[in-house]
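Participant: need coordinates for the below:
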Amino acid sequence: MTATLSSEQGVAAKVHARYSKAGDVRMDIKSTDAEGQPVLATTIMPAKGKSYYSISHDQRAIVEMPYSTLAATSQQVTGSGDNANLEIKKLGKETVSGVETRHVRVIDKDNNAIIDLWLTQKYPVDLWTRAFRGRNLGLEMSDDERTKAMKKYGVKPGFSMKMRVEQTGGVPVVFLVEKIERTPVPPEVFALPEGYTRLQGAANSQP
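Facilitator: Presented below is the predicted three-dimensional model:
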């Protein structure tokens, strides 16, 4: 899966996420630093084990962080979809990256956020969660809980080809999926690079 993260100032990052049959995840994120120089960061999340890894290629460092932190974060939002105070607007059909989608606007009254979703049935609904291991990407409500809430409000769940998030006082951010393809992925793609310094991350770190 390839995607971009952008704002009104332009593309902030390009994301290449790979997911194996075994459940291993690798995300490569390309961005630029304050001087405009390219920066590549990688997150590897093995299906087995108690840790995931954040890799800084320019510093040649691997930071190991516990999965238990993600589990605690997930538990904090569990059930929020049942009690969500939302307003839902169905805005019709649109084509995104060559895929027909349903444009739905979710107004989260509790968190003063507006989330526009372009949903499709072409891909599995849980592909987002599998490809990104359920991370909530900084949102108040996780993707799973938002799907639960939308069902409650009569919206058929789907895979998000595009998501636009606008929160009070913040800059609107757009996450756009450009391409999804099924191809063989060699096991070494999910291996940690050799010759990098290994560090232990803080218990409250986020990928």
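Participant: every contact and neighbour count from this point should use C-alpha atoms.
Facilitator: OK.
Participant: where does this protein dip in pLDDT?
Facilitator: 69-84, 128-150, 202-207 (pLDDT under 70).
Participant: go again with 80.
Facilitator: Under the criterion pLDDT under 80, the flagged ranges of the chain are 8-11, 33-36, 67-86, 108-112, 125-155, 157, 167-170, 201-207.
Participant: tell me the helices in it, going along the chain?
Facilitator: Along the chain, counting by DSSP state H, helices occupy 67-77, 127-132, 143-152.
Participant: which residues touch stretch 115-122?
Facilitator: 94, 96, 99-108, 157-166 (C-alpha atoms under 8 Å, 6 or more residues apart in numbering).
Participant: what subset of the residues you listed is buried?
Facilitator: 96, 100-108, 157-166 (16 or more other C-alpha atoms under 10 Å).
Participant: surely Ser20 meets Val185?
Facilitator: Yes. Under the criterion of C-alpha atoms under 8 Å, Ser20 makes contact with Val185 at 6.9 Å.
Participant: out of the two, which sits in the busier spot?
Facilitator: The neighbour comparison of Ser20 against Val185 (other C-alpha atoms under 10 Å) goes to Ser20, with 20 against 12.
Participant: so how far is Leu176 from the more buried one?
Facilitator: 22 Å (C-alpha to C-alpha, to the nearest Å).
Participant: cool, Asp126 as well?
Facilitator: As judged by C-alpha to C-alpha, Asp126 and Leu176 stand 17 Å apart.
Participant: more neighbours: which of those two?
Facilitator: Leu176 (21 against 17).
Participant: how many neighbours does Val171 have?
Facilitator: Other residues within reach of Val171, judged by other C-alpha under 10 Å, total 12.
Participant: and it, what does it touch?
Facilitator: Shown in contact with Val171 (C-alpha under 8 Å, 6+ apart): 7-8.
Participant: switch to 7 Å and redo it
Facilitator: Val171 sits next to Ser7 when contact means C-alpha atoms under 7 Å, 6 or more residues apart in numbering.
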